[in-house]
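In: Got a predicted structure here, sequence first:
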Amino acid sequence: MPLSPIDTSAFQKIAVGIDRPEDVVVSAGGRVFASDHQCAVAEILPDGGFVRMGPKGGAPNGINMDREGRILIANFGIYDRQEGPLQRFDPATGVHETLVAEVGGRRLTSANYPVMDRDGNIWCANSTHADTWPQALDGRADGFVFVLRPDGSCEIVAEGLMFPNGLALSADHRRLFCAQTSAADVLAFDILPGGRLGPGVRYGPVLGQLAGRGLPPAKEEDLGYTDGVGMDAEGNLWVCLPAANKVVAITPAGEKVTVIHDPSGEVVNHPTNVTWGGADLRDLYIGSIRAGYVLKGRSPVAGLALVHQT
C-alpha cells in the first residue's frame, strides 16, 4: 500500500496537559504510555486522560518496552543539566531503577532513545556531552550509541556521531537505524554477532537544511533536524523533523516522502516520535517536545511490531 499523506484534521489531541511528551510506547495488551517530565512515565487512558506513574527526576525522553512489559526510559539529562542515564520502570510493581549510568568510563549525560532487539540487546543513543542546547546542536560529533547486553555487559558500539537521536530496527533485526539530528540524516548500522555494530552509512538522502554555523538562512519548513524514527510494516522508515513540524518517510528505494506537514504548528507541533498500536498496529501516536498533548490518528500502513508486541 502506498504511503498517503495524513491531514492534520485526522488527529485527536489526547493526554492534554502532559509535560513534554517526547515519546509514546504501546504494550502488547494495548496500554499506552508517554514520556512526562513530572514523573517516570504517564499512562494515557482510553478516555484520553492520563495518570502519572513513578517518581519525578531528570527529563524522561525516548521510551520503549521490554518483553516483560517494563518501560525503558532514556533520561535526557542535558535538558535540566542533570545525569542522563538509561532507566527502567515497571508499571506492575512501581519499581524504578537505573540500568546504565556510565559506559566505557564515560558518564551518560543525555541518553536519548532505547530499543530492544529480539536477542535481548538494548541499544541506546547518548546524544552529546555539551553543557547547553546551543552547543549540543553546533555540529559537534561527540555522541555515541551503546548496548546493554542480556549478560549485563555494556559497551559503546558507535561513536563520533552528530547528536544521535531516535533508533529503529529493521524487520529482521539485522540493521539499526539512528537519526543524526545535527547532520539532518539517518545512519544505518549492520548488527553483528555478540551485540556489536558495523560501520554506519547514510540511509536515504539528507532530509533538509540546517541553521546557523554560517549557513544561509533556511525556511522553517525546509529544516531537516532529524529526531525520532520508526519502521512501518512495509519497510518505510518514518522520520520526525520537529523544527519543520513535519514527518517524512524514507522508502525502501531510498526516496523521501512527506507523510505529515503542519506549517502552522497548531496541531502537529514539533513532532519528535511516531509509535504504532492497536489490534492492527495502525493506531498512530505522535509525541512532541513543544505540545502539551499527544496526537492520535490512523496510519495509512501498519507499524512494524516491536519486540514487546510480538
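Out: Okay, I see it. Numbers count the residues shown, from 1 in each chain.
In: my read: Ser288 touches Thr272, true?
Out: Yes: Ser288 is within contact range of Thr272, at 5.7 Å (criterion: C-beta atoms under 8 Å). All C-beta atoms are positioned from the backbone trio N, CA, C, and that covers glycine.
In: anything in contact with each of those two?
Out: Common contacts of Ser288 and Thr272 (C-beta atoms under 8 Å, 6 or more residues apart in numbering): 22, 242.
In: how about the strands in the stretch 101-250 of the chain?
Out: For the stretch 101-250 of the chain, strands defined by DSSP state E, counting those that start in this stretch occupy the ranges 102-103, 106-107, 111-116, 122-126, 143-148, 154-161, 164-169, 175-180, 185-192, 196-202, 229-231, 237-241, 246-250.
In: worst average pLDDT in those?
Out: Lowest mean pLDDT of those: strand 106-107, a mean of 93.
In: For this structure, which helix or strand comes out least confident on mean pLDDT?
Out: Least confident helix or strand of the chain, by mean pLDDT, DSSP states H and E, is helix 133-136 with a mean of 84.
In: now for it, which elements pack on it?
Out: Using 3 or more C-beta pairs under 8 Å, 6 or more residues apart in numbering; DSSP states H and E as the contact definition, helix 133-136 packs against no other helix or strand.
In: Need the residues that contact that helix.
Out: For helix 133-136, contacts defined as C-beta under 8 Å, 6+ apart pick out 78, 110, 127-128, 130, 163, 182.
In: Spatially nearest residue to Thr251 (excluding sequence neighbours)?
Out: Setting aside the residues directly before and after it, Thr251 is nearest to Asn236 in space (C-beta to C-beta, 6 or more residues apart in numbering), at 5.5 Å.
In: go on, Asn61?
Out: Closest to Asn61 by C-beta to C-beta, 6+ apart is Phe76, at 3.8 Å.
In: circling back: who wins for proximity to Glu43 among the strands of the stretch 101-250 of the chain?
Out: Smallest distance to Glu43 across the strands of the stretch 101-250 of the chain (C-beta to C-beta): 18.6 Å, for strand 111-116.
In: The closest one: partners in the sheet, and parallel or antiparallel?
Out: As defined by DSSP bridges, the strand partners of strand 111-116 come to strand 122-126 (antiparallel).
In: and the partner strand, C-alpha only, in PDB?
Out: Only the C-alpha atoms of strand 122-126 are listed here, as PDB (Å, rounded to 0.1, in the frame of the first residue of the first chain):
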ATOM      1  CA  ILE A 122      19.100  -2.900  24.500                       C
ATOM      2  CA  TRP A 123      20.500  -0.200  22.100                       C
ATOM      3  CA  CYS A 124      20.600   3.400  23.300                       C
ATOM      4  CA  ALA A 125      21.800   6.700  22.000                       C
ATOM      5  CA  ASN A 126      23.700   9.200  24.100                       C
END
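In: and the direction of that strand versus that of strand 154-161, what angle?
Out: Between the axes of strand 122-126 and strand 154-161, defined by axes from the mean of the first three to the mean of the last three C-alpha atoms, to 10 degrees, the angle is 40 degrees.
In: Strand 122-126 versus strand 164-169: what angle between them?
Out: Using the same axes, to 10 degrees, strand 122-126 lies at 160 degrees relative to strand 164-169.
In: Taking their axis directions, strand 122-126 and strand 175-180 sit at what angle?
Out: Going by the same axes, to 10 degrees, strand 122-126 makes 20 degrees with strand 175-180.
In: Please list the outside residues in contact with strand 122-126.
Out: 62, 66, 72, 74, 84, 86, 99-100, 103, 108-117, 143-148, 157, 161, 164-167, 176, 178.
In: and if we set it to 7 Å?
Out: 72, 74, 84, 86, 108, 110-116, 143-148, 164-165, 167, 176, 178 (C-beta atoms under 7 Å, 6 or more residues apart in numbering).
In: Let's see the ChimeraX selection covering just the buried ones among the residues you listed.
Out: Of these, the buried ones go into a single ChimeraX selection, burial set by 16 or more other C-beta atoms under 10 Å:
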select :72,74,84,86,108,110,111,112,113,114,115,116,143,144,145,146,147,148,164,165,167,176,178
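In: Next up, the contacts around Ala119.
Out: In this structure residue 119 is Asp, not Ala. Contact analysis of Asp119 by C-beta under 7 Å, 6+ apart lists nothing.
In: To clarify, my last question referred to Val145.
Out: Residues near Val145 by C-beta under 7 Å, 6+ apart: 123, 125, 157-158, 161, 164, 178.
In: Same list (those) but as a markdown table, adding distance to His308.
Out: Below are the contacts of Val145 laid out as a markdown table (distance: C-beta to C-beta, whole Å):
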| residue | distance to His308 |
| --- | --- |
| Trp123 | 15 |
| Ala125 | 19 |
| Val157 | 22 |
| Ala158 | 24 |
| Leu161 | 26 |
| Pro164 | 22 |
| Cys178 | 20 |
